[in-house]
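Asks: Predicted model and sequence follow; I will ask about them next.
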Amino acid sequence: MNLEKVIFSFFMILALTLNFGFFYGDVHNPDHHNIYELYAVIVINLIATILKFGDRSQLGAMLLATSLVANVQLISAAIVWAVAAHMQETGVTTATMATIVSLSGGAVLANIISVILLVLEASIIRR
Amino acid sequence: MNPVTSLILRQMRAPLIVIVAVFSTATLGMVLIPGVDDQGQVWHMDFFHALYFVSFTATTIGFGEIPYPLTDAQRLWALITIFFSVIGWFYALTKIVSLIQTPMFKKAVIHSNFKHSLNQIHQNFYLICGFGETGSDLVEGLANKEIRCVVIDSSHRAIEYLEVQNYLSFVPGLEADAENPKQLAYAGLSHPLCKGVIAVTNSDECNLKIAITSKLLHPHTTVICRTEHKDFEDNMKSFNTDHTVNPYDTFSNSFAMALKSSALHLLNEWLTGVPDTNLDDPIVFKDGHWILCGYGRLGQRIYKVLKQHNHSVTIIDTTAELKTRFHAERPADTTEFIIGTGTDAKALRQAGIEHAVGLVAGSDNDSNNLSAIMTAQMLNEDLIIVARQNEMINRELFYASNAEIIMHPSEIVARRIRTLLTNPLLIDYLDECFKQSNDWINITISKLSGAISEVKPHCWTIELSKKESPAMYKTLTRGRKVKLSDIVKSPIQRNHKICCLPLMVVRNDERILSPEDDFLLATNDKLLFCGISQAEHHIAHCMHDIHSLNYIMSLKNAPDSLLARYIKGFTKHKRRNND
């Protein structure tokens, strides 16, 4: 067992599960989507991205790319939330919530691809 | 990905994760810990403001306690945030700094820079292995003629020295072992524009390895090797190494020229020397007795040359073993062989210095050579002295010693390779000259001194091919008769003849020496000229530019634009119809 691989896989799968947890629920309903969960997703995703830095293999490049996509999606969602909550008088409406959740939905997709690649890699190495 | 970026990213994983962890924990803490707003109500910082607060605190900007003054609990958390985030930043910074200082990183940067400069080369270049005395001399000559070179040398000092040189064209240098095929390929051997590999390291073995690598990996590259031993030379020639340059052979050839005729020696010195330097004075060789100090690789060759010209010789050498071998090989030879250094008057007197005409100081020790020269000059002032200079740093000493011929192996190799690369016809020309009579040589040298000014001439070759001289080629294919005298005129004022002398024309492997003025040129002729550098530019310009060529040949300017050509063609057609 390789501790580095465990940590690596842990963060990637945690990023996916947290992301899914935030995404799951009624798209319009702010009560179904916890801001702390979004925060955790962003932090975990950032760590997962950093862990993929500097890998020169083709698979490593793909993994980094998917993580970067997830980050872009999630940070856009956070910015939308911040803008809606603090810079607009209406606050977080159901329409804004739908935008935030759909953005995080995109990130879920990117994270799923990440995990599929991870599983593929694991299945190639028969050890 | 660039190896340097990749290296940085891989090393930055841990520090970046530390920063993300510290920031996220601090932000989360600020969100969770309750505060009090200006109304005295319990207030929770949201993520947006918490991240803002942590960011300006962690980066030591410190805007203060906004939007509301913090409670004691929040202040405690802020204190923890400050310490940990500042430690995080410092950790990341020191990691970057230490990474930059590691030899591995430096090497990666140097290699990446080298690769970049290699990619910037868009013309044929030569890979020069070894940047010692020969290598630096050669690179200087080539780079200043705007021939691109790339240098590989295993010594750090050599590459450092290369970096501070100011050549006309940039010469990238790589500190690597040229004997290693992988490094050699990396240094440019596998580059599609690499035209040739020149192995001029100190060791014959290393040069041999480079030649083998180059010929195996890229059979079509030109390979030129410096070699000082016969067996290595034969070995290199066995697998089609294009040229091997042996400084001792090259020198003994030019020494043979000098013995044959002083004019031939002068011709050789003028044409192969560094252009625009002062002309050498002629040396007059008298028949008589020669003393040879040092019977090594150089001494043995010179001995042969002297014997071929029927001079009597006395050899002085320190090694008794050489003496027994010398007498064993030549039982009939009555040449005297004295054991000694030749630096003392006794040995020189014994060798007959008083009635000698020449002395060759040819040992591999510069101090001994200089000492022998000085002693000999005191004993006999009229000696012709041939000195072997082994180290570049002793150059001034040898100049001061008033030796007539100074033989410096590195310089000889560099000069020979430079001629091979820039002007191979010149070597053929000198070979032909060697076969000519003394009268012919004397006429040639007087013509040459009439054509050039007071410095050594430039030599250059013009090929009348479609690629090299498009204008001339076009003129010749149209059936015009062009005489040699037609093209040695200035494109600025055609009545002025330019300062140059055609030395040889090569047509289909036939060599025509000293072509006459009314010699008719044909396509694909190769012309060897010598003269001042301005003449080279003038002729090259006329070979490319049809208008200048028409002007110097007193021809009418042909129409150049599409419309003008059309109109001319039309009027010609009309005139023909009217006739």
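Replies: Noted; the coordinates are in hand.
Asks: Tell me which residue in chain A sits closest to chain B.
Replies: Proximity to chain B, evaluated over chain A using CB to the nearest CB, is greatest for residue A:54 at 2.9 Å. Every residue, glycine included, has its C-beta placed from N, CA and C.
Asks: wouldn't that residue be in contact with residue B:4 here?
Replies: No - in this structure residue A:54 lies outside contact range of residue B:4 using CB atoms under 8 Å: 10.9 Å.
Asks: Quick check on the two: which one has the bigger neighbour count.
Replies: Neighbours were counted for residue A:54 and for residue B:4 using other CB atoms under 10 Å in any protein chain shown; residue A:54 has more, 18 against 15.
Asks: which non-adjacent residue is nearest that one?
Replies: Among residues not flanking residue A:54 along the chain, residue B:10 sits closest, at 2.9 Å (CB to CB, 6 or more residues apart in numbering or on different chains).
Asks: Check residue B:54 too.
Replies: Counting by CB to CB, 6+ apart, residue B:54 lies nearest to residue B:26, which is 4.5 Å off, once chain neighbours are set aside.
Asks: do the same with residue B:243
Replies: For residue B:243, the nearest residue in space outside its immediate sequence neighbours is residue B:224; the separation is 4.5 Å by CB to CB, 6+ apart.
Asks: Beta-bridge partners for the one you found, please?
Replies: When assigned by DSSP bridges, residue B:224 has beta-bridge partners residue B:198, residue B:243.
Asks: Could you count how many residues lie near it?
Replies: Residue B:224: 25 neighbours (other CB under 10 Å).
Asks: In contact with it, which residues?
Replies: Residues near residue B:224 by CB atoms under 8 Å, 6 or more residues apart in numbering or on different chains: B:196, B:197, B:198, B:199, B:241, B:242, B:243, B:244, B:245, B:417, B:420, B:421.
Asks: for those, which one is nearest chain A?
Replies: Using CB to the nearest CB, residue B:197 comes nearest to chain A of the contacts of residue B:224, at 30.5 Å.
Asks: Can you tell me what sits against stretch B:263-279?
Replies: Contacts for stretch B:263-279 (CB under 8 Å, 6+ apart): B:141, B:254, B:257-258, B:280, B:282-283, B:415-416, B:419, B:426, B:429-430, B:433-434, B:438, B:441-442, B:444-445, B:448, B:454-459, B:530, B:533.
Asks: one step back: in terms of pLDDT, where does the residue nearest to residue B:243 sit?
Replies: Looking at residue B:224, its pLDDT is 93.
Asks: do residue A:109 as well
Replies: Predicted confidence (pLDDT) for residue A:109: 95.
Asks: and what of residue B:205?
Replies: Model confidence at residue B:205, given as pLDDT, is 91.
Asks: Give me the secondary structure label for the closest residue in space to it that isn't next to it in sequence.
Replies: Beyond its immediate neighbours in the sequence, the residue positioned closest to residue B:205 (CB to CB, 6+ apart) is residue B:232, lying 7.4 Å away. Secondary structure, DSSP: H, G, I helix; E, B strand; the rest coil: residue B:232 is helix.
Asks: returning to what we had before: and the contacts of residue B:224 as CSV, adding neighbour count?
Replies: Listed next are those as CSV, based on neighbours: other CB atoms under 10 Å in any protein chain shown:
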residue, neighbour count
B:196, 20
B:197, 30
B:198, 31
B:199, 31
B:241, 24
B:242, 16
B:243, 19
B:244, 22
B:245, 23
B:417, 26
B:420, 18
B:421, 21
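Asks: Low-confidence ranges, the chain, go.
Replies: By default, I'm working from chain A. Low-confidence segments of chain A (pLDDT under 70): A:1, A:125-127.
Asks: meant chain B actually
Replies: Within chain B, the segments meeting pLDDT under 70 span B:1, B:555-560, B:576-579.
Asks: thinking again about what came up before, so which of the contacts of stretch B:263-279 belong to helices?
Replies: Judged by DSSP state H, helices contain the following of the contacts of stretch B:263-279: B:141, B:254, B:257-258, B:415-416, B:419, B:426, B:429-430, B:433-434, B:438, B:441-442, B:444-445, B:448, B:533.
Asks: Buried ones among the residues you listed?
Replies: In those, burial by neighbour count holds for B:141, B:254, B:257-258, B:415-416, B:419, B:426, B:429-430, B:433-434, B:441, B:444-445, B:448, counting by 16 or more other CB atoms under 10 Å in any protein chain shown.
Asks: and the residue in the stretch 201-350 of chain B that chain A sits nearest to, how many neighbours does it have?
Replies: Per CB to the nearest CB, residue B:217 is where the stretch 201-350 of chain B lies closest to chain A, at 25.5 Å. Residue B:217 is flanked by 14 other residues according to other CB under 10 Å.
Asks: how about it, what does it touch?
Replies: B:181, B:185, B:189, B:190.
Asks: List the buried residues for the lengthiest helix in chain A?
Replies: Ranked by number of residues, the top helix in chain A under DSSP H is helix A:94-124. The neighbour-count check on helix A:94-124 (16+ other CB under 10 Å) flags A:96-97, A:99-101, A:103-108, A:110-111, A:113-115, A:117-118, A:121 as buried.
Asks: ok, now stretch B:212-228?
Replies: So for stretch B:212-228, counting by 16+ other CB under 10 Å, buried means B:212-215, B:218, B:221-228.
Asks: and those, which of them are in helices?
Replies: Secondary structure from DSSP H places B:212, B:213, B:214, B:215 of those in helices.
Asks: now these as TSV including distance to chain A?
Replies: Converted to TSV, these look like this (distance: CB to the nearest CB, whole Å):
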residue	distance to chain A
B:212	32
B:213	28
B:214	30
B:215	33
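Asks: domains in chain B, as residue ranges please.
Replies: For chain B, the structural domains run B:3-101, B:122-245, B:261-424, B:457-552, going by automatic domain parsing.
Asks: Next, count neighbours for residue 41.
Replies: Just going to use chain A. Each residue near residue A:41 was counted by other CB under 10 Å, and the total is 28.
Asks: Wait, chain B was what I had in mind.
Replies: Burial of residue B:41 is recorded as 9 neighbouring residues (other CB under 10 Å).
Asks: Next, it: phi, psi?
Replies: Main-chain dihedrals, residue B:41, degrees, to the nearest 10: phi -80, psi 150.
Asks: How about the residues of chain A by chain B?
Replies: Residues of chain A lying close to chain B by CB under 8 Å from any CB of the partner chain are A:35-36, A:39, A:43, A:46-47, A:50-51, A:53-56, A:61, A:78, A:82, A:85-86.
Asks: and these, which are buried?
Replies: For these, a burial check counting by 16+ other CB under 10 Å picks out A:35, A:39, A:43, A:46-47, A:50-51, A:53-55, A:78, A:82, A:85.
Asks: So which of the residues you listed are in strands?
Replies: In strands, judged by DSSP state E, none of these are found.
Asks: Just give me the closest of those to residue B:82.
Replies: Closest to residue B:82 out of these is residue A:43 (19.8 Å), distances taken as CB to CB.
Asks: Isn't that closest one up against residue B:26?
Replies: No - between residue A:43 and residue B:26 no contact is recorded; they are 11.3 Å apart, counting by CB under 8 Å.
Asks: Now do the contacts for residue A:107.
Replies: Residues near residue A:107 by CB under 8 Å, 6+ apart: A:19, A:23, A:41, A:45, A:69, A:70, A:71, A:73, A:74, A:77.
Asks: Validate this expectation: the fifth one resides in a strand.
Replies: Okay, so that is residue A:69. No - secondary structure of residue A:69 (three-state DSSP): helix, not part of a strand.
Asks: In this model residue B:208 seems to touch the residue nearest to residue B:205, though I could be wrong.
Replies: Yes - between residue B:232 and residue B:208 there is a contact under CB under 8 Å: 5.6 Å.
Asks: Which residue of those two possesses the greater neighbour count?
Replies: Neighbour totals were compared for residue B:232 and residue B:208, and residue B:208 leads with 23 against 20 (other CB under 10 Å).
Asks: Does chain A have contacts with stretch B:77-92?
Replies: No - contact of stretch B:77-92 with chain A (CB under 8 Å from any CB) is absent, the minimum separation being 11.4 Å.
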